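> Dropping the sequence and predicted coords here.
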Amino acid sequence: LKNFFFVFRRTPYPVRRTDVCFLPECLTKPTKEYTIKPMKTTNVVIIGASIAGHSVAVGIKEKCPDVSVTLVTQENCALYDRRKLFAFLCGDAKEKDLMVVNADFYEKRGIKFLKDHKVSSIGAVRRQVSCRHKDARVALDYDYLVICSGRSTVMPEIEGIHKEGVYQLNSLADYKTLKT
């Protein structure tokens, strides 16, 4: 009975057309078998693989294993502990010490993990996220979109801001660049 909606009674009285509601199987348990109505797979796209995006993706798959979850990040690695970035910069921590999950964590849980994908646009009417991966464009259809893009440094418009030696420290890649 995968990918089906179950019809449930809201009241203990006989079922009438107005007494039913449609809920995914993973969110509630059927009291009795009634009409089974097929549904398409629900697609959830999550933009941002920081702790917020990671938690949403893992939480959805735990509650609703039949839901298709795609986690999109412009970073080139899975979740890492941003609090340890300064220790990494100083040489007190190695890159592997920063990693919270390993590379196959998401695959084992049925979560599609797209690294190095920069979101270029969101089509709310078409329900589609457009990404760039290297030189290719990728389109992701969604039923639900979760944006967990986090924060980023806003560089002020001052003279010399684009000169060599001026860095933004938003990601592990930025810290690696500064460290070299």
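Good, I have the coordinates.

> ranges for the strands of this protein?
Per DSSP state E, the chain carries strands over the ranges 4-9, 20-24, 36-38, 43-47, 68-72, 111-114, 118-123, 128-133, 136-141, 144-147.

> For Pro156, find the nearest of those strands.
strand 118-123 (23.3 Å; CB to CB). (C-beta placed from N, C-alpha, C; glycine too.)

> Check which helices and strands that closest one is in contact with.
Applying 3 or more CB pairs under 8 Å, 6 or more residues apart in numbering; DSSP states H and E, one finds that strand 118-123 makes contact with strand 128-133.

> tell me the angle the strand it packs on makes with strand 43-47.
50 degrees (axes from the mean of the first three to the mean of the last three CA atoms, to 10 degrees).

> any idea which residue sits dead centre in the chain?
Nearest to the mean C-alpha position of the chain, counting by CA atoms, centre = their mean, stands Ile46 at 2.8 Å.

> if we can go back for a sec, adding distance to Val58 and mean pLDDT, write the strands of the chain out as a markdown table.
Below are those laid out as a markdown table (distance: least, CB to CB, whole Å; pLDDT from 0 to 100):
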| stretch | distance to Val58 | mean pLDDT |
| --- | --- | --- |
| strand 4-9 | 24 | 36 |
| strand 20-24 | 18 | 41 |
| strand 36-38 | 27 | 48 |
| strand 43-47 | 10 | 95 |
| strand 68-72 | 9 | 96 |
| strand 111-114 | 7 | 96 |
| strand 118-123 | 21 | 94 |
| strand 128-133 | 20 | 95 |
| strand 136-141 | 19 | 95 |
| strand 144-147 | 12 | 94 |
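
> what are the ranges of the helices in this structure?
Remark: helices assigned in the chain by DSSP state H are 51-63, 85-90, 95-98, 105-108, 172-179.

> Ok, which of those comes nearest Asp143?
Smallest distance to Asp143 across these (CB to CB): 11.8 Å, for helix 51-63.

> With respect to burial, which of the helices of the chain scores highest?
Most buried of those by mean neighbour count (mean count of other CB atoms under 10 Å) is helix 51-63; its value is a mean of 17.
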